[in-house]
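Peer 1: Quick one, structure for this:
(one chain, ligands or ions: 1)
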Amino acid sequence: MYWDRKAETIQQEELEELQLRRLRAIVDYCYRNSRFYRSKLKEAGVHPGELRRLEDLARLPFTTKEDLRENYPFGMLAVPREEVVRIHASSGTTGKPTIVAYTKKDISTWAELMARVLTCAGVTKRDTIQLIYNYAFFTGGLGFHYGAERVGAAVIPSGVGNSERQLLTMRDLEVTAFSSTPSYALYLAEFARERGIDVGEFSLRTGIFGAEPWMRQRIEEAYGIKAYDNYGLSELCGPGVAVECDARQGLHVWSDHFLLEVIDPESGEVLGPGEKGELVFTTLTKEAMPLLRYRTRDISMLIDEPCECGRTHPRIARLMGRSDDMLIIRGVNVFPSQVEHVLLQFPEVAEHYQIVVDRRRSMDVLRVKVEVTERIFRGEPEELLRLKRELEEKLRSVLGIRAEVTFVEPGTIPRSRGKAQRVVDLRKG
Ligand code: DLL
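Peer 2: As a prediction, the model looks like this:
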């Protein structure tokens with residue numbers, strides 16, 4: 001099932017022609033309308049007219065989050081202020097926030113891409129979808145909202161918080177689809193379990209999750225649904241950049257609107273399919289804040305094989321981490337996602353964990369605090385010891401360094417309504 005069959009199954013050659021046409025137009029547009037890009041392109045010695053092939057993209061300079069911060073709030077705008085109809089912002093955990101602005105057309109394109117996303121996850125006008133997002137600066141709420149309305153589903157804008165009411169709504173209104181951060185989905189399932197409510201008995205059928213790394217199996221089991229991964233970031237629009245189809249063998253990137261490159265984060269060199277690197281996007285159709293070669297810091301790789309769903313848009317593997325999430329522990333590169341991957345293989349472990357890095361006598365130490373299930377926590381000490389040993393062994397073989405596992409009581413690792421805070425690095429203080 002497609003939302004826009006023609007756009008989603010466009011032939012490779014035609015897609016590349018469209019991309020080149022749009023690329024030339026957007027670079028020219030940036031040159032003419034954005035002071036930031038005019039000077040950046042001049043500095044790099046590139047004139048828009050010189051772009052003849054898609055490969056010429058590699059001649060353009062990168063844009064970074066730093067550029068957005070330095071030009072806060074409106075320095076990246078390519079339209080007059082009166083053309084802006086919406087502004088979202090990132091949380092700004094590291095200093096100034098970054099803002100994203102949209103024109104009327106940008107909002108409409110976004111809704112269209114979200115309609116494709118929702119259709120990929122099997123959502124139709126016959127569905128009732130509950131959107132459990134913070135409907136504020138965060139792009140998750142309104143992004144999904146506009147897309148679901150476009151699809152014609154009945155939308156419940158339930159926002160975050162008040163878990164009891166969320167569950168009541170889900171049950172009484174016979175909700176068939178929902179979307180939230182994966183952390184909140186897990187929290188809500190736990191909240192229900194503690195009150196003896198079986199969410200698996202609700203009418204739910206499908207769920208769409210993203211915004212942070214997540215474990216599919218736990219969510220699917222708890223709710224009895226099929227769960228789809230979707231990827232996006234505020235700077236590009238919000239959710240709506242890439243999504244899994246029914247095959248769930250990678251996420252299709254809507255490449256008629258976002259031109260993707262995968263680069264080596266150190267050298268900036270463009271990598272080929274199957275090579276792990278940083279995702280870089282050029283927006284092909286954005287008006288208010290177009291971005292050329294935007295470095296996301298997200299790590300994944302290109303899957304360049306035809307997909308059984310018939311969509312021709314290239315796929316990326318599920319995200320493997322962020323280059324700025326990478327911890328260097330005793331000289332070894334450790335991604336939090338590697339730890340999560342190991343934990344997921346142990347059914348005795350609950351979905352909540354925290355990675356703590358500390359320094360003891362000038363040596364880095366890695367500790368993984370994990371919640372185990374109630375039965376294990378109260379059970380035989382030998383069993384706990386065996387589990388600890390197995391986990392530590394597996395972590396050591398995957399990470400290449402020793403990690404000390406400690407078990408904590410169920411319910412003691414902080415829960416999040418938004419994105420979870422998985423890493424605590426005490427070395428910096
Ligand atoms: O998280 C947009 C979004 C909302 C995507 C709802 C999906 C669902 P930001 O707050 O700007 O935007 O955060 C973007 O979140 O660079 C990734 O590091 C991470 N991220 C997004 N999707 C995924 C995913 C939204 N599916 C940042 N898996 C990105 C892992 C993800 N990480």
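
Peer 1: Do me a favour and get the end-to-end distance for stretch 337-357?
Peer 2: Stretch 337-357 has an end-to-end distance of 15 Å (CA to CA, to the nearest Å).

Peer 1: chain center to it: distance?
Peer 2: 19 Å (CA atoms, centre = their mean, to the nearest Å).

Peer 1: Likewise for stretch 358-371?
Peer 2: Worked out by CA atoms, centre = their mean, stretch 358-371 lies 28 Å from the chain centre.

Peer 1: Write out the residues of this protein neighbouring the ligand.
Peer 2: Within the chain, the positions near the ligand by CB under 6 Å from any ligand atom are 90, 139-140, 210-213, 229-234, 238-239, 296, 298, 319, 322. C-beta: built from backbone N, CA, C; applies to glycine.

Peer 1: contact partners of stretch 186-203?
Peer 2: 132, 163, 166-167, 170-171, 174-176, 180, 218-219, 222-224, 351-352, 411, 415-417 (CB atoms under 8 Å, 6 or more residues apart in numbering).

Peer 1: Can you go through the residues of the chain next to the ligand and name the buried ones?
Peer 2: 90, 139-140, 210-211, 213, 229-234, 238-239, 296, 298, 319, 322 (16 or more other CB atoms under 10 Å).

Peer 1: Tell me which of these fall in strands.
Peer 2: Counting by DSSP state E, those place 210, 229, 230, 231, 232, 233, 238, 239, 296, 298, 322 in strands.

Peer 1: Considering the residues you listed, which member attains the minimum pLDDT?
Peer 2: Least confident of these in the model: residue 322, at 85.

Peer 1: Any idea what it is bridged to?
Peer 2: For residue 322, the beta-bridge partners are residue 298 (DSSP bridges).

Peer 1: For it, give its distance to residue 240.
Peer 2: 19 Å (CB to CB, to the nearest Å).

Peer 1: hey, where'd the strands end up in the stretch 301-429 of the chain?
Peer 2: 302-303, 315-316, 321-322, 327-329, 332-334, 349-360, 363-372, 404-408, 423-425 (DSSP state E, counting those that start in this stretch).

Peer 1: Now distance to residue 53 too, for these, in CSV please.
Peer 2: Below are the strands of the stretch 301-429 of the chain laid out as CSV (distance: least, CB to CB, whole Å):
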stretch, distance to residue 53
strand 302-303, 18
strand 315-316, 23
strand 321-322, 31
strand 327-329, 38
strand 332-334, 35
strand 349-360, 44
strand 363-372, 46
strand 404-408, 52
strand 423-425, 41
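
Peer 1: Determine which stretch of those is the most buried.
Peer 2: Counting by mean count of other CB atoms under 10 Å, strand 315-316 has the highest mean neighbour count of the strands of the stretch 301-429 of the chain, with a mean of 23.

Peer 1: For it, which outside residues touch it?
Peer 2: Contacts for strand 315-316 (CB under 8 Å, 6+ apart): 231, 242, 249-253, 260, 262, 279, 300-303, 307.

Peer 1: give me the low-pLDDT residue ranges for the stretch 1-150 of the chain?
Peer 2: 91-95 (pLDDT under 70).

Peer 1: residue contacts, residue 80?
Peer 2: Residue 80 neighbours (CB under 8 Å, 6+ apart): none.

Peer 1: how near is it to residue 287?
Peer 2: In terms of CB to CB, residue 80 sits 11 Å off from residue 287.

Peer 1: which residues does residue 206 bridge with?
Peer 2: residue 177, residue 226.

Peer 1: mind listing the helices in the stretch 101-250 of the chain by residue range?
Peer 2: For the stretch 101-250 of the chain, the helices defined by DSSP state H, counting those that start in this stretch occupy 104-120, 139-151, 163-172, 182-194, 216-223.

Peer 1: just those helices: most buried one?
Peer 2: Note that of the helices of the stretch 101-250 of the chain, helix 139-151 is the most buried (mean count of other CB under 10 Å), with a mean of 24.

Peer 1: By proximity to the ligand, which residue of the protein wins?
Peer 2: Going by CB to the nearest ligand atom, the ligand is nearest to residue 210 of the chain, at 3.0 Å.

Peer 1: With residue 321 as the reference, measure out to that residue.
Peer 2: From residue 210 to residue 321 the distance is 15 Å (CB to CB).

Peer 1: Surely the residue of the chain closest to the ligand touches residue 238?
Peer 2: No: Residue 210 is beyond contact range of residue 238, at 10.2 Å (criterion: CB atoms under 8 Å).
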